[in-house]
Each structure stands twice: as structure tokens, then as C-alpha cells.
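*Asks:* Take this sequence and fold it.
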Amino acid sequence: MTRREWISRMGYGVGGAALAALMGEGGAAMGSGIQGLPHFAPKAKRVICLFMSGGMSQFESFDHKPLLTERHGQPLPDSVFRGRMPLGMSQYQERFQIQSSQFPFQQHGQSGAWVSDRFPYLAKQADKICFLKGMVSDAVNHDPAIVFMNSGHQLPGRPTMGAWLSYGLGAENDNLPAYIVMVSKRNADQPLSSRLWDSGFLPSQHQAVQFLPGKDPVLFLNNPEGLSDALHRKMVEQMIEVQQEELRVRGEQAIQARIKQMEMAFRMQTAVPEVTDISSESKQTLERYGKMVKRPGSFARNCLIARKLCAQGVRFIQLFHPGWDHHSGISSRFPKVSSDVDQPAAALLQDLEESGLLEETLVMFVSEFGRTSYAQGGASGKGGDYGREHHRDAFSFWVAGGGVKPGISYGETDEFGFDVVDGKVTVNDFHATMLHLLGIDHERFTYRFQGRDYRLTNVGGTVVKSILA
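*Replies:* Numbers count the residues shown, from 1 in each chain. This next block holds a predicted model:
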């Protein structure tokens with residue numbers, strides 16, 4: 001027997017064991033991750049990432065800057081730019097007038113966190129939250145920035161956060177994917193593609209499964225009309241036998257991934273309808289998430305499903321909510337999009353805490369970048385509409401649960417909110433900290449591809465220890 005034949009037959013045996021598990025005849029569990037992980041005891045077991053797509057303004061949400069109100073309409077001092085050229089479309093502006101927020105801020109909770117009146121429900125959860133005021137990015141345009149935030153690199157093609165965790169830690173539930181994505185169903189001018197939840201060069205079973213609104217959350221999952229369960233089981237079994245023969249002959253990783261995806265799809269037929277059905281939820285729970293929870297594809301409904309997925313042990317759940325690209329119309333558009341997410345996100349935190357899941361679940365509220373303290377175009381007075389340009393040098397996130405200190409604000413921007421003066425957190429730092437909370441040393445968590453060892457944090461990243469509980 002040649003070495004190639006021996007390896008091929010070993011692969012055939014692995015496929016047979018997986019098929020036996022699929023058909024209820026015992027065998028090894030799927031999705032157990034790679035050997036040696038976690039590197040140390042984790043504080044979090046799973047992640048829920050709430051992604052505000054478009055670049056949410058920190059000045060209308062979580063970074064209170066009274067000086068912008070005092071100097072509204074005045075030119076932003078040249079000293080603030082420190083010799084740098086304005087980025088993005090604002091490089092063509094003649095004036096850079098300071099724009100105040102039209103939404104008042106107040107302090108909340110024992111922590112005294114500053115939150116704008118556009119987030120009244122989240123404000124009540126302030127003592128559960130760690131606000132990161134010193135976020136920075138390398139990218140200032142949407143596509144590279146959103147790809148960077150999700151994969152640690154500005155060019156598409158790298159594995160995304162959830163794919164890395166699916167590969168490294170595997171799944172806690174063999175009947176559901178380790179990585180699930182939901183996108184809010186709403187009008188937005190920024191398209192969101194599957195590149196943002198791709199597995200890149202990792203095996204393809206680690207890419208996210210997207211749950212869609214409506215009666216079929218996963219396309220082509222249900223049996224076609226007239227196909228019995230018994231016939232479907234036989235069909236799946238025969239398809240896997242064909243793939244196992246290919247695996248025996250060729251021994252390619254892609255074939256193993258195909259077998260695993262077929263097996264997962266078969267098991268998901270029962271698990272997915274159950275986890276996406278909210279009809280059994282109490283009236284109190286539905287009211288907690290708000291009136292939009294009954295609308296398929298709403299952020300509210302997706303948050304409730306995310307809580308259910310979390311309870312089922314899904315490793316990485318990501319909710320994209322587009323509509324935050326406010327180059328104009330903040331006064332009229334920001335209240336709408338913030339009300340979409342405020343009550344559901346707060347309900348999610350409360351639900352997780354009451355069920356005992358928040359302690360082991362890291363919740364992240366993020367965007368690809370922030371917004372400028374000066375108006376795009378000219379500043380608008382009270383009651384007028386205004387816009388802000390993209391800004392990568394200072395913006396705000398928040399995180400909660402999963403080993404993070406609650407009720408704190410970390411990082412500070414200058415009085416104009418233009419640069420970080422203390423507690424800077426880069427995208428690589430953010431990813432390194434997330435991995436650390438999951439028990440992973442980001443520098444040791446690598447995957448060899450085309451002769452090089454890659455990692456989520458690329459060649460940077462420092463764990464932000466000050467926010468760890």
C-alpha cells in the first residue's frame with residue numbers, strides 16, 4: 001500500500017464515522033474544533049456581533065462633546081488636523097464647520113455613562129456595558145473598512161471572525177452551524193454581500209449560514225414537495241457515498257468539507273424551524289423586544305432569534321443592520337435607524353442576563369468607522385438637517401458580558417472628538433481581545449496557506465487588558 005492510498009483509506013474511514021453519526025448509529029461528534037484550543041480557560045463561549053453597517057456617528061450616540069455645541073458653526077481649528085489632509089469626500093470642502101449634535105446627552109446608571117436620548121433603552125443597560133471611546137481603523141471607505149472590521153484585512157478573501165472561531169473552536173451543537181448571519185430587511189444604499197461572512201482560505205464548512213426572513217430561513221433546506229423523509233434520507237446517504245469514493249480516490253480537503261455540509265444540511269432540517277419560530281415566546285418577552293419583533297427580517301426579530309441561537313450553543317452570531325451612512329439627513333434619519341436597534345439590543349442584554357447566558361456570551365456593538373465632528377457641506381442650525389463625513393481616527397463601540405468589565409468607559413477623544421488621546425484600540429487590538437476572552441492566544445492561532453501562516457490579527461494586535469473582568 002502506498003502512502004497516498006493509506007491516507008485516502010483513512011479519509012474514507014473518517015467519512016464513514018461521520019455518516020454513522022448523521023444516521024443515528026453512533027460515531028464521533030462533528031465540529032469539535034482543532035486540537036489544542038482553547039489555549040487557556042475562556043471567559044466567553046460564544047459571540048453575538050451587532051454590526052451597524054454604514055458608519056454610525058459617535059456624536060449622536062455615545063461620545064458626548066459639549067465643545068461642539070459651544071462652537072457650533074465655527075471652523076474646526078487647523079491645529080486639530082495636525083497637518084493631515086481631510087479624508088474621503090470632504091477633501092473637496094472649502095469649509096470645515098463644527099457641527100453639534102441635535103440630540104441631547106445625559107448620564108445614566110451608577111457608572112454615569114453618557115448616552116444620547118436616541119438610545120433610551122440601552123441607557124438603562126449602561127451598567128452592563130463597557131463603552132470603547134477610542135476605536136481607530138486603517139480604512140476610511142466603506143468596502144475596505146467593513147471587510148477590515150470583519151476579517152482583519154482590508155482586501156476581501158481572508159476568513160472572517162466567525163469563520164476563524166468555527167475553525168478553531170468548532171460547534172457546541174451538532175445540529176446547527178457554528179456561524180450564523182442575519183441581515184435586517186430594510187432599505188439601504190450600501191449592499192452587504194456574503195464576502196463579509198466568508199471562510200476565505202479556511203475549509204468551506206466554516207463560512208456562515210445566512211438565515212433569511214420568511215418561511216424558509218435557509219434556501220433549499222426543506223424537502224421538495226412529494227419527497228418523503230425516507231427517500232430523502234436514502235438520497236443523502238447515496239450522495240455521501242459518492243463523495244466518500246471521491247475522498248478515497250483523491251483525498252482532497254474540499255471533498256471532506258462537502259460531506260460535512262451535506263450532513264449539516266440534513267440535521268438542520270429539524271433544528272432550524274424550531275430555533276427561528278418565536279410563537280412559543282411569552283407575551284412579556286415579545287413586548288420586551290418591541291412591536292417590530294413580529295415582522296420577519298426586522299432587527300428586533302433577529303435579536304430574539306440570536307438569543308435562541310445563543311441558548312443552543314451557536315458559536316458566532318452576527319446581525320447586520322444597514323442604514324447608518326449619514327452624509328446628510330442625520331436629524332431625520334438617525335432617529336429612525338437608532339430606534340430600530342435600541343430596544344431590541346437592550347432586550348437582548350436583559351434576556352441574556354436573566355437566562356444566565358450573558359456571563360459566557362460576548363456581545364459586541366460595532367461599525368466600520370465613525371463620523372467627523374465637522375459637517376459635510378455646511379453646518380445646520382437647530383432643527384436643520386446635516387450630515388457627517390467618514391472618520392477612521394476616533395469612534396465608539398460597546399461590548400458587554402463574556403468576561404468584560406461592566407459599567408465602564410475606556411478610552412477618550414480630544415475635545416473635538418477628532419483624535420484618540422487615551423485608550424486607543426485598533427481593529428487588531430479588538431480582535432485580539434475578542435479571541436483572548438474566548439481562551440485563544442491570537443499570536444498562536446494561525447492557519448498555513450500558500451506557504452505562510454495567517455491569523456485574524458494579521459501582524460498586529462494587543463489584548464486590551466484594562467477592560468477584562
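*Asks:* Same question for stretch 455-462: list its buried residues.
*Replies:* By neighbour count with 16 or more other CB atoms under 10 Å, stretch 455-462 contains the buried residues Arg455, Leu456, Thr457, Asn458, Gly461. Where you see a C-beta, it was placed from the backbone N, CA and C, and this is true even at glycine.
*Asks:* so who does the residue nearest to the spatial centre of the chain touch?
*Replies:* The residue lying closest to the centre of the chain (CA atoms, centre = their mean) is Cys49, at 3.2 Å. With contact taken as CB atoms under 8 Å, 6 or more residues apart in numbering, Cys49 is in contact with Met161, Gly162, Phe316, Ile317, Gln318, Leu319, Met364, Val366.
*Asks:* Quick check: mean pLDDT of whatever helix or strand Leu319 lives in?
*Replies:* In the assignment (DSSP states H and E), Leu319 maps to strand 316-322. Strand 316-322 carries an average pLDDT of 98.
*Asks:* do the same with stretch 127-144
*Replies:* 97.
*Asks:* related to what we said a few turns ago, am I right that the residue nearest to the centre of the chain falls within a strand?
*Replies:* Yes - counting by DSSP: H, G, I helix; E, B strand; the rest coil, Cys49 is located in a strand.
*Asks:* quick one on the thing from earlier: kindly indicate which of the contacts of Cys49 lies nearest Val420.
*Replies:* Using CB to CB, Val366 comes nearest to Val420 of the contacts of Cys49, at 16.2 Å.
*Asks:* could you say which helix or strand contains the nearest residue to the closest one once chain neighbours are set aside?
*Replies:* Leaving aside its sequence neighbours, Val366 sits nearest to Phe397 (CB to CB, 6 or more residues apart in numbering; 5.0 Å). Assigned by DSSP H and E, Phe397 belongs to strand 395-400.
*Asks:* Distance from that strand to the middle of the chain?
*Replies:* Mean-position distance between strand 395-400 and its chain equals 12 Å (CA atoms, centre = their mean, to the nearest Å).
*Asks:* What pairs with whichever helix or strand comes after it, parallel or antiparallel?
*Replies:* As assigned by DSSP H and E, the chain's next helix or strand after strand 395-400 is strand 408-410. Sheet pairing of strand 408-410 (DSSP bridges) gives strand 129-135 (parallel).
*Asks:* Report the distance from the strand it pairs with to the chain centre.
*Replies:* For strand 129-135, the distance to the chain centre is 16 Å (CA atoms, centre = their mean).
*Asks:* Distance of the residue nearest to the centre of the chain relative to Gly112?
*Replies:* 27 Å (CB to CB, to the nearest Å).
*Asks:* Now do Glu225, the pLDDT please.
*Replies:* So Glu225 comes in at 75 (pLDDT).
*Asks:* and it, what element?
*Replies:* With DSSP H and E as criterion, Glu225 is part of no helix or strand.
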